[in-house]
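Engineer: Build me a model from this:
(one chain, ligands or ions: 1)
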Amino acid sequence: MKPPLRVAVTGAAGQISYNLIFSIANGDMLGPDQPVALHLLEIPIAMDGLRGVAMEIDDCAFPLVTEIVLTSDPAVAFKGVHWALLVGSKPRGKGMERNDLIRENGPIFVSQGKALNDNAAADVKVLVVGNPCNTNCLIAQRNAPRIPRDHWFAMTRLDHNRAIAQLAIKSKRPVASVTNMTIWGNHSATQYPDFQHARIDGKPTMEAIGDRAWLETDFISTVQQRGARVIEARGKSSAASAANAAMGHVHTFTFGTAPGDWTSAAVVSDGSYGVPEGIVSSFPIRVKKGGAWEIVQGLDIDAFGREKLKKTIVELEAEREVVRDLLQR
Ligand code: NAX
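Structural biologist: Residues are numbered from 1 along each chain as shown. From the prediction side, this is the model:
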């Protein structure tokens, strides 16, 4: 039996976590032969709910679960963890502007960044899901100088999956036919889902779909607005699909991308494609088995794509200004 990997999940009594933790416990994320110790963090007021979740985990009798830690203390939650999934954050209240939400949630990610820095395993990797996830990731990363920059991610895998699904539906091809999708920039309505480099059955999307007007308008706006449409229909934000995306992210950054394909994730920019160095932006990423990754280089972005990329980057830079006082280095 392999030694257990410790996985922290924050916001563990929330709706995404309720769809996430049981799959982690079942081995779907890190493999069917990988034992896991679950470190579940909540705020004090939600600890009763979290105890209920823990009872249900017990009741599943998962063979891979070696330990369940329940806590409202980030130092305990992150002690020795190998993956930290930062899902918990305050939701956007009525009438709240995006910048209010950024300021409201920023301090959570300062303290969680520090607690990760001081307590996590040396090789910890962090996936930020709680919104605004790119900027929350930037804040936590800048407060955790010990953790290497390439161990930080904000989740754009849900947007990536949404974009693949839309191309599959439009082209009437199976989802598995759609490859080389990229989400660029921010996990927000400015994100750029890149149809230009995506492929369907190995062919350029333009050739397979042949309707550039649809790709430039309906496709992009459907992906950008999908979260809002789910809220309208369900009365609640995406939970199962968000949990599935978080699982997919960690799985890919453990087992690698398929040959010739890549994934999307927001990472600390190294300046590739003119994205300012240091901001957390989504890129096309190729991952090797074991988790080493690189930004896919050399994609030729046309004037339409460059305009879209610029817009989302401007938004990320503005968000960074809003939280500049929370960034330690
Ligand atoms: P819920 O409100 O159901 O759950 C959030 C949980 O976080 C609550 O139980 C709350 O008590 C807890 N929490 C709040 N502050 C905390 C703290 N300081 N430490 C630990 N726990 C804390 O929200 P849910 O639907 O699960 O969504 C969670 C986050 O994911 C939200 O910020 C949401 O906007 C974001 N999303 C991100 C997505 C992405 O693609 N990156 C998509 C889905 C989702 O919208």
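
Engineer: since we're on the residue in the chain positioned nearest to the ligand, how many residues are nearby?
Structural biologist: Closest approach of the chain to the ligand (CB to the nearest ligand atom) occurs at G14, with a separation of 2.0 Å. Just so you know, the C-beta spots here come from the backbone N, C-alpha and C atoms, and that holds for glycine as well. If you count neighbours by other CB atoms under 10 Å, G14 ends up with 22.

Engineer: so what's it scoring on pLDDT?
Structural biologist: With respect to pLDDT, G14 has a value of 97.

Engineer: What separation do you get for it and L20?
Structural biologist: 9 Å (CB to CB, to the nearest Å).

Engineer: Kindly point out which residues are neighbours of both of these two.
Structural biologist: V87 (CB atoms under 8 Å, 6 or more residues apart in numbering).

Engineer: if I read this right, the residue of the chain closest to the ligand contacts V87, doesn't it?
Structural biologist: Yes. Between G14 and V87 there is a contact at 6.4 Å, judged by CB atoms under 8 Å.

Engineer: For R149, give its distance to E277.
Structural biologist: Applying CB to CB to R149 and E277 gives a distance of 10 Å.

Engineer: can you list residues touching both of these two?
Structural biologist: By CB under 8 Å, 6+ apart, no residue touches both R149 and E277.

Engineer: and D58, how many residues sit next to it?
Structural biologist: Neighbour number of D58 under other CB under 10 Å is 11.

Engineer: Revised request: answer the last question for T217.
Structural biologist: Neighbour number of T217 under other CB under 10 Å is 11.

Engineer: Just confirm it is within a helix.
Structural biologist: Yes. Under DSSP: H, G, I helix; E, B strand; the rest coil, T217 sits within a helix.

Engineer: So which residues of the protein form helices?
Structural biologist: Taking DSSP state H to define them, one finds helices in the chain at 15-25, 47-60, 74-77, 98-119, 133-142, 157-171, 205-209, 212-214, 220-234, 240-255, 303-322.

Engineer: any idea how this structure splits into domains?
Structural biologist: Following automatic domain parsing, one gets these domains for the chain: 5-154, 157-321.

Engineer: how about these, which one is nearest L327?
Structural biologist: domain 5-154 (4.2 Å; CB to CB).

Engineer: Q15 is in contact with V129, correct?
Structural biologist: No. Taking contacts as CB under 8 Å, V129 lies outside contact range of Q15: 11.8 Å.

Engineer: Tell me which of the two has more neighbours.
Structural biologist: Between V129 and Q15, counted using other CB under 10 Å, the more crowded position is V129 (29 against 16).

Engineer: what sits against the more buried one?
Structural biologist: 16, 85-87, 154-155, 242, 246.

Engineer: re the thing from before, could you check which of R149 and E277 has the larger neighbour count?
Structural biologist: R149 (15 against 9).

Engineer: The more buried one contacts V268, doesn't it?
Structural biologist: Yes. Taking contacts as CB under 8 Å, R149 lies within contact range of V268: 4.6 Å.
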